[in-house]
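Peer 1: Sequence unavailable; structure follows:
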């Protein structure tokens, strides 16, 4: 995949870039695999805003993705854009004619056959139990619980590496640098997720973020003291605290939110911050 840059015909287009969609081969979704996606603008069932900076945006429909990959073999019909995720999705059809969507790995194109099972080859797009994957292999769409479906490493360009296997568990190095234990009977897909240059795309203008359903964020330092702990003062003032905080006084940058007593802490061999 590559990115395309506009000519600087306006100030907003001077640095704007968009995806070229070279990998995309199918431009209309499969009707049987889409659902209506209702907007809630960050509000809960009482109408109260629980997530700020959400609202507006273009209308979207949700694509039903098969993260379990139960089919023994399936042929790729086309690669599609999915507005609900950064990665592309592949429409596949099994021997019985059943169609489904899967996360599109890098290098998989129309006509390729993807296999799922313990005896599948170690090729991009094939899904196997981790105990059948050689150490050092690049993987994605990793299960945390056998049969539940892939939960880890599904974003565009993401990849994890199988580091070791012992005592019924595998050590997997995640994109964040964290090394985590995963059961050997969990399944994973070979290869790297496609659309690897997604993070190089520059939005370029404010209106584009509104199209994505993101509303503006106002800095606390430009507010009044009654509206934000950073507010007040003459001119550009410091936050006036040992560190930045949220509008409700909770530490913001560098504040660790993971529960120190979390049940799954025992599965983390190495944290992403290097400890």
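Peer 2: That came through, no problem. None of these values were measured; they are calculated from a predicted model. Numbers count the residues shown, from 1 in each chain.
Peer 1: And this structure, what are its domain boundaries?
Peer 2: Following automatic domain parsing, one finds the domains of the chain at 24-38+60-194, 219-269.
Peer 1: Compute the first-to-last residue distance for the first one.
Peer 2: End-to-end distance for domain 24-38+60-194: 11 Å, by C-alpha to C-alpha, to the nearest Å.
Peer 1: cool, the last one as well?
Peer 2: Between the opening and closing residues of domain 219-269 there is a gap of 37 Å (C-alpha to C-alpha).
Peer 1: for stretch 158-178, same thing?
Peer 2: Separation of the first and last residues of stretch 158-178 by C-alpha to C-alpha is 14 Å.
Peer 1: Also stretch 154-173?
Peer 2: Using C-alpha to C-alpha, the end-to-end distance of stretch 154-173 comes to 14 Å.
Peer 1: in it, what's buried?
Peer 2: 154, 156-160, 162, 165, 169-173 (16 or more other C-beta atoms under 10 Å). Bear in mind the C-beta positions are built from the backbone N, C-alpha and C, glycine included.
Peer 1: just for this structure, where's the confidence low?
Peer 2: Along the chain, segments meeting pLDDT under 70 span 1, 275.
Peer 1: One more pass at 90, please.
Peer 2: Flagging of the chain using pLDDT under 90 yields the residue ranges 1-3, 6, 70-72, 253-258, 272-275.
Peer 1: Geometric centre of it: which residue is closest?
Peer 2: residue 155 (3.1 Å; C-alpha atoms, centre = their mean).
Peer 1: most packed of the domains of the chain?
Peer 2: domain 24-38+60-194 (a mean of 17; mean count of other C-beta atoms under 10 Å).
Peer 1: So residue 72 versus residue 106, what's the distance?
Peer 2: As judged by C-beta to C-beta, to the nearest Å, residue 72 and residue 106 stand 23 Å apart.
Peer 1: Surely residue 169 touches residue 183?
Peer 2: Yes. Look at residue 169 against residue 183 with C-beta atoms under 8 Å: they come within range, at 6.2 Å.
Peer 1: hey, where'd the strands end up in the stretch 51-200 of the chain?
Peer 2: Ranges of strands in the stretch 51-200 of the chain, per DSSP state E, counting those that start in this stretch, are 61-63, 73-80, 89-94, 99-103, 113-115, 127-129, 138-140, 142-143, 150-152, 160-166, 169-173, 179-183, 187-190.
Peer 1: The ones you listed into a markdown table, with extra columns for distance to residue 10?
Peer 2: As requested, the strands of the stretch 51-200 of the chain are exported to a markdown table (distance: least, C-beta to C-beta, whole Å):
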| stretch | distance to residue 10 |
| --- | --- |
| strand 61-63 | 31 |
| strand 73-80 | 31 |
| strand 89-94 | 33 |
| strand 99-103 | 36 |
| strand 113-115 | 43 |
| strand 127-129 | 46 |
| strand 138-140 | 38 |
| strand 142-143 | 43 |
| strand 150-152 | 41 |
| strand 160-166 | 41 |
| strand 169-173 | 44 |
| strand 179-183 | 46 |
| strand 187-190 | 42 |
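Peer 1: The domains of the chain: which one's closest to residue 9?
Peer 2: domain 24-38+60-194 (25.3 Å; C-beta to C-beta).
Peer 1: Return the distance of that closest one from the chain's centre.
Peer 2: Offset of domain 24-38+60-194 from its chain centre (C-alpha atoms, centre = their mean, to the nearest Å): 13 Å.
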